[in-house]
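J.: Next one to model:
(one chain, ligands or ions: 1)
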Amino acid sequence: MNIGCHISIAGGIFNAPKNAIDLGCECFQIFSRSPQGGKAPELTPEVVKKFKAELKKYSLKNFYIHTPYYINFASVDNRIRYGSVSVVRDELERGNILGAKYVMTHLGTAKDLGRKVAIEKTIEMLKKTLDGYNGETKLILENSAGAGEIIGDDLSELAEIINGVDSPAIAGICLDTQHSFASGYDWRKFNVRAIHELPLLKKIDQEIGLETIKLFHANDTASPSAIPKKTVTPTSVKA
Ligand SMILES: [Zn+2]
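T.: Below you'll find the predicted structure:
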């Protein structure tokens, strides 16, 4: 398993590999554009060449692109919903140009449509996002905190969406430990020596399949939203 963190692209995307190495990363994540919005910086052939040369120089094989924060595939606002489709597709295309392994995205909120319709809408919009896409960079979905009506706070919901979209362009999920903890997945008794005995992992395996987890976001947030709304407590842990 490789360990890395989020890396700034300040001054140019080609600065990211060195910044990652300076922090001791074996892999890294970036935003390829401002997460707040606005036009993405152009990936000119010179920029791409320089970025790839830096990756090679530091022997960094894998990096990942996180999509902006405003993605919402289940918004009733067409501008936001179709904007999400075009930005996620654009990030996949940009990831492909740069050689990213995965683009990861959150899905949005079900507060406009209600959970059932929001999931159907998300599947429909993800299909549009991936229509005709056959790049090397794959999409992975990230779970979010359950506060409010977030799509994908429950891993079985992410499984339902992945099955619904049914595209080889979706490789799996990024599991955010804090978001999952806030949604009732209790990691406090996590014991790597008892990995196959842990009811929590068995639950996750049943819900989505452990092989679907491509990345972990070991999230150290101090946000009050980290407090669990409901708790799934492992009933027995064997060492
Ligand atoms: Zn995320």
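J.: Who are the packing partners of the worst-scoring helix or strand of the chain on mean pLDDT?
T.: Sorting the helices and strands of the chain by mean pLDDT, DSSP states H and E puts helix 177-182 at the bottom, at a mean of 80. The contact analysis (3 or more C-beta pairs under 8 Å, 6 or more residues apart in numbering; DSSP states H and E) places helix 177-182 against strand 213-217. (C-beta placed from N, C-alpha, C; glycine too.)
J.: and the strand it packs on, average pLDDT?
T.: Predicted confidence along strand 213-217 averages 92 (mean pLDDT).
J.: Would you mark the buried spots in that strand?
T.: Of all the residues in strand 213-217, those buried under the rule 16 or more other C-beta atoms under 10 Å are 213-215, 217.
J.: Also stretch 155-163?
T.: Buried, per 16+ other C-beta under 10 Å, within stretch 155-163: 155, 157-162.
J.: now stretch 50-66
T.: Buried residues in stretch 50-66, counting neighbours by 16+ other C-beta under 10 Å, are found at 50-51, 54-55, 60, 62-66.
J.: quick revisit: show only the entries of the buried residues of stretch 155-163 found in helices.
T.: 155, 157-162 (DSSP state H).
J.: of all the residues you listed, which comes closest to residue 149?
T.: residue 157 (11.3 Å; C-beta to C-beta).
J.: can I get the buried residues of stretch 155-163 in TSV with pLDDT?
T.: Converted to TSV, these look like this (pLDDT from 0 to 100):
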residue	pLDDT
155	88
157	91
158	93
159	94
160	95
161	96
162	96
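J.: Could you dump those residues into a markdown table and include distance to residue 107?
T.: What follows is the buried residues of stretch 155-163, written out as a markdown table (distance: C-beta to C-beta, whole Å):
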| residue | distance to residue 107 |
| --- | --- |
| 155 | 13 |
| 157 | 9 |
| 158 | 8 |
| 159 | 13 |
| 160 | 11 |
| 161 | 7 |
| 162 | 11 |
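J.: from the residues you listed, which is closest to residue 177?
T.: Distances from residue 177 to the buried residues of stretch 155-163, taken by C-beta to C-beta, are shortest for residue 155, at 12.3 Å.
J.: Output stretch 137-144 in PDB with nothing but the alpha carbons.
T.: The C-alpha trace of stretch 137-144 is given here as PDB (Å, rounded to 0.1, in the frame of the first residue of the first chain):
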ATOM      1  CA  THR A 137      -8.000   7.300 -16.000                       C
ATOM      2  CA  LYS A 138     -10.900   5.800 -14.100                       C
ATOM      3  CA  LEU A 139     -13.500   7.400 -11.900                       C
ATOM      4  CA  ILE A 140     -13.900   6.400  -8.300                       C
ATOM      5  CA  LEU A 141     -16.700   7.600  -6.000                       C
ATOM      6  CA  GLU A 142     -16.100   8.800  -2.500                       C
ATOM      7  CA  ASN A 143     -18.400   8.400   0.500                       C
ATOM      8  CA  SER A 144     -19.500  11.500   2.200                       C
END
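J.: Nothing else from me, thank you.
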